[in-house]
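[1] Can you look at this prediction? I've put the sequence above it.
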Amino acid sequence: MWKGLAALTIPSGKEPYRIRVPEVEHEKIVQVSRGIDFVLFNEVNTTQQASILRELQEHQQKEGIEQFVLSHEEGLLLKDAAAAVNVAYDPGTPEEEEKRTFNFSDLEAKASPEAISLRDWYVSVGM
């Protein structure tokens with residue numbers, strides 16, 4: 001749901017066939033969507049893991065970052081989104097930023113060899 005919402009929303013004034021939202025709201029949706037990838041990674045199948053790895057690798061390369069951090073408000077939204085599929089997530093207090101910090105390398109370390117191979121294949125064929 002969050003991935004679809006991230007794809008459908010666009011900052012105000014852009015493409016007419018998408019839902020226009022303020023930039024700050026769009027960014028919040030995108031951040032929570034990325035957080036869901038991390039929180040639910042172990043709950044999805046190998047194909048979905050490979051897609052998540054490919055998408056996050058693209059984001060990592062585009063942005064030149066090794067991790068991303070959710071605000072406390074975004075963490076609370078992520079907690080509710082995860083609870084909707086019976087997965088626990090604790091965003092911590094506003095001061096506990098480490099609970100809302102997601103490292104790309106941590107996710108890759110959790111991935112099965114099959115998911116990594118499939119991710120590499122996706123990249124090689126331009127998916």
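    On my side now, so go ahead.
[2] Next, give phi and psi for residue 67.
    The phi/psi pair for residue 67 (degrees, to the nearest 10) reads phi -160, psi 170.
[3] do you know how far the nearest residue to it once chain neighbours are set aside is from residue 20?
    Excluding the flanking residues, the one nearest residue 67 by CB to CB, 6 or more residues apart in numbering is residue 103, at 4.4 Å. All C-beta atoms are positioned from the backbone trio N, CA, C, and that covers glycine. Here the criterion is CB to CB, to the nearest Å. By it, residue 103 lies 33 Å from residue 20.
[4] isn't residue 112 right next to residue 49, touching?
    Yes. Applying CB atoms under 8 Å, one finds residue 112 in contact with residue 49, separated by 7.0 Å.
[5] So which of those two has more stuff around it?
    Higher neighbour count among residue 112 and residue 49: residue 49, with 25 against 11, using other CB atoms under 10 Å.
[6] quick one: average pLDDT of the helix or strand hosting that one?
    Using DSSP states H and E, residue 49 falls within helix 46-63. The pLDDT scores in helix 46-63 average 91.
[7] Grab the most central residue of this protein for me.
    What sits nearest the mean C-alpha location of the chain, by CA atoms, centre = their mean, is residue 34, with 1.1 Å.
[8] Show me what the helix or strand just after the helix holding residue 49 is packed against.
    With elements assigned by DSSP H and E, the helix or strand that comes after helix 46-63 is strand 67-69. Using 3 or more CB pairs under 8 Å, 6 or more residues apart in numbering; DSSP states H and E, the elements in contact with strand 67-69 are strand 101-103.
[9] Centre of the chain to the strand it packs on, how far?
    10 Å (CA atoms, centre = their mean, to the nearest Å).
[10] Mind listing what's buried along that strand?
    Buried residues in strand 101-103, counting neighbours by 16 or more other CB atoms under 10 Å, are found at residue 102.
[11] Just checking: what are the partner strands of it?
    Strand pairing for strand 101-103, using DSSP bridges, gives strand 67-69 (antiparallel).
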